[in-house]
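K.L.:
mind folding the following:
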Amino acid sequence: MKKQIKNFNVLIEQDEDGMFVSEVIGLQGCHTQGKNLDELMERTKEAIKVCLEGDNEEVNPMRFVGIQRVQVKTD
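P.N.:
Numbers count the residues shown, from 1 in each chain. This next block holds a predicted model:
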């Protein structure tokens, strides 16, 4: 089987303890964390491979358009 290269959009945030957290958009439940961005990106690539191995469906990531922070007042 010929290997394919796929590009995935990854959302990166930092939690209250300083850990970086990534979520792979388009792969439900595919997320990981790391102490720094280099470690996070290596772990994210590993997580993507694991998620793809467990999913026999064809994965076609969507085209990235942008990200926007939205502020909402709550009670």
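
K.L.:
could you use CA atoms for every contact and neighbour count after this?
P.N.:
Noted.

K.L.:
list the buried ones in the lowest-mean-pLDDT helix or strand in the chain?
P.N.:
Comparing every helix and strand of the chain by mean pLDDT, DSSP states H and E singles out helix 37-54 as the least confident one, with a mean of 94. Residues of helix 37-54 classed as buried by neighbour count (16 or more other C-alpha atoms under 10 Å): 37, 40-41, 43-44, 47-48, 51.

K.L.:
residue 5: which of those is nearest?
P.N.:
Lowest distance from residue 5 to the buried residues of helix 37-54 (C-alpha to C-alpha) belongs to residue 48, with 12.0 Å.

K.L.:
I'd assumed residue 28 was in contact with the closest one.
P.N.:
No - when contacts are counted by C-alpha atoms under 8 Å, residue 48 is not listed as touching residue 28 (10.5 Å).

K.L.:
can you list the residues that contact stretch 61-75?
P.N.:
6-9, 25-26 (C-alpha atoms under 8 Å, 6 or more residues apart in numbering).

K.L.:
quickly note the distance from residue 58 to residue 52.
P.N.:
9 Å (C-alpha to C-alpha, to the nearest Å).

K.L.:
same question for residue 19.
P.N.:
Here residue 19 is placed at a distance of 25 Å from residue 52 (C-alpha to C-alpha).

K.L.:
Throw together a ChimeraX command that grabs the buried residues out of the contacts of stretch 61-75.
P.N.:
Per 16+ other C-alpha under 10 Å, the buried members of those correspond to this ChimeraX selection:
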select :8,25
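
K.L.:
from the contacts of stretch 61-75, which ones fall inside strands?
P.N.:
Members of those lying in strands (criterion: DSSP state E): none.

K.L.:
fine by me, we can end here.
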